[in-house]
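In: compute the structure for the input listed below.
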Amino acid sequence: MFWNSITVILGAAAIASGFNLFLIPHQLLSGGVSGVSMLIGYFSKFDISIMYFVLNIPILIAGWFVLGKRFIGQSMLSVVATTWLLTLIPQKSLVTETLLAAVVGGVLVGIGVGISFRAGGSSGGFDILGSIVTRYRDFPVGTVLVAMNGLVILAAGYLNADWNIALMSMISIYVTGKVVDVIHVSHTKITLFIITERTEEILARLLLLPRGVSKIKIEGAFSHKEKDMLMTVTTRYELAELKRIIKESDPSAFVNIVETVGVMGAFNRR
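Out: Predicted structure coming up:
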């Protein structure tokens, strides 16, 4: 938990650096809630960091009920850390070329968002909305974010009356989405084979998740002792939570985790 929190804070540092050192000095957008915050900041006297924090509050509350306390707890940490670091890091561009700023800024933001996902949280905003979508629909998180950010890009082009800036922002958002998918790869399917003597304890918690579970009776070839093997298919996004559940329910369980090439039939239980 401690190292996950440190990872989330490092991700927040990457996001804040991408904003203040590359995107904001060139009036570019990162998309999502941060992009909306930037738009408001560019065309008003409101502080971007404050708007980033305020706009994230209702989304974090919504995510609390759908994605779970642990995930949203880490996301809250990311939002608070990013807001704080945005006030510490000066808004000063490290490059003069707008295209270079868009690409490097997008990479930094993508790294920050990606490692936050890997640590069991998110950077807030549309990342949470994207996670909600991928919980019930089999889409890559980065692709979902790019789709939702299209509206922000259109607003930027209209308000700026400069479609060059809007298109540069689109490049940045696209790069961010691709980096998130490379780091997070939440759409990659994973199959877990869990051999345990505490079947009911594990099942009681696994059945609360949106994936189905199969129970198979097996016998040890050496001990001739009967045990249960639970099989479930999940995503890399949910893998960290499943591993935590298994460790807490049966620390001695044997778990074989393999990458799944494809899935046919109903992937979601509900």
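
In: strands of the chain, start to end?
Out: 189-196, 214-219, 226-235, 254-260 (DSSP state E).

In: quick one: which of the ones you listed is nearest L67?
Out: strand 226-235 (13.2 Å; Cβ to Cβ). Using the backbone N, CA and C atoms, a C-beta is placed for each residue, glycine as well.

In: one step back: V54: which of the strands of the chain is closest?
Out: strand 226-235 (31.1 Å).

In: now the angle from that closest one to strand 214-219?
Out: 150 degrees (axes from the mean of the first three to the mean of the last three Cα atoms, to 10 degrees).

In: strand 226-235 pairs with which strands, parallel or anti?
Out: In the sheet, strand 226-235 lines up against strand 189-196 (antiparallel), strand 214-219 (antiparallel) (DSSP bridges).

In: ok, back up a step: can the strands of the chain go into TSV with extra columns for mean neighbour count and distance to L167?
Out: Formatted as TSV, those follow (neighbours: other Cβ atoms under 10 Å; distance: least, Cβ to Cβ, whole Å):
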stretch	mean neighbour count	distance to L167
strand 189-196	18	35
strand 214-219	10	49
strand 226-235	17	32
strand 254-260	12	37
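
In: any chance of the ones you listed in CSV, with distance to L159 and mean pLDDT too?
Out: Below are those laid out as CSV (distance: least, Cβ to Cβ, whole Å; pLDDT from 0 to 100):
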stretch, distance to L159, mean pLDDT
strand 189-196, 41, 88
strand 214-219, 53, 87
strand 226-235, 37, 86
strand 254-260, 44, 86
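
In: what ranges does this structure have for its helices?
Out: Shown for the chain, the helices assigned by DSSP state H span residues 2-18, 32-42, 48-66, 69-88, 98-118, 126-136, 141-160, 163-184, 199-206, 236-249.

In: just how off-centre is the second one within its chain?
Out: This means helix 32-42. 19 Å (Cα atoms, centre = their mean, to the nearest Å).

In: just the CA atoms of it, as CSV, please.
Out: Output of helix 32-42 as CSV, limited to C-alpha atoms (Å, rounded to 0.1, in the frame of the first residue of the first chain):
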residue,chain,number,x,y,z
GLY,A,32,-10.6,15.4,-20.0
VAL,A,33,-11.2,17.3,-16.7
SER,A,34,-7.7,18.7,-16.9
GLY,A,35,-8.4,20.0,-20.4
VAL,A,36,-11.7,21.6,-19.2
SER,A,37,-9.7,23.1,-16.3
MET,A,38,-7.2,24.5,-18.7
LEU,A,39,-9.9,26.0,-21.0
ILE,A,40,-11.5,27.7,-18.0
GLY,A,41,-8.0,29.0,-16.9
TYR,A,42,-7.1,30.3,-20.3
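
In: how far away is the closest residue to M231 other than its chain neighbours from G220?
Out: In this structure, M231 finds its nearest non-sequential neighbour in S214, 4.6 Å apart by Cβ to Cβ, 6 or more residues apart in numbering. S214 is 19 Å from G220, where distance means Cβ to Cβ, to the nearest Å.

In: can you check L108 too?
Out: Using Cβ to Cβ, we find L108 at a distance of 50 Å from G220.

In: number of nearby residues for the residue lying closest to G18 once chain neighbours are set aside?
Out: Take G18 and drop its neighbours on the chain: the residue closest to it by Cβ to Cβ, 6+ apart is L108, 3.3 Å away. Number of residues near L108 (other Cβ atoms under 10 Å) recorded here: 25.

In: okay, the strands paired with strand 226-235 in CSV with distance to G32 next?
Out: Shown next, in CSV, are the strands paired with strand 226-235 (distance: least, Cβ to Cβ, whole Å):
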stretch, distance to G32
strand 189-196, 26
strand 214-219, 37
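
In: tell me which of those strands lies nearest to S93.
Out: So among the strands paired with strand 226-235, strand 189-196 is nearest, using Cβ to Cβ, at 40.7 Å.

In: pretty sure G177 sits against V109.
Out: No - at 9.9 Å, G177 does not count as touching V109 under the criterion of Cβ atoms under 8 Å.

In: who's more crowded, those two?
Out: Using other Cβ under 10 Å, the more surrounded residue of G177 and V109 is V109, with 31 against 25.

In: for L55, find the nearest of the strands paired with strand 226-235.
Out: strand 189-196 (33.0 Å).
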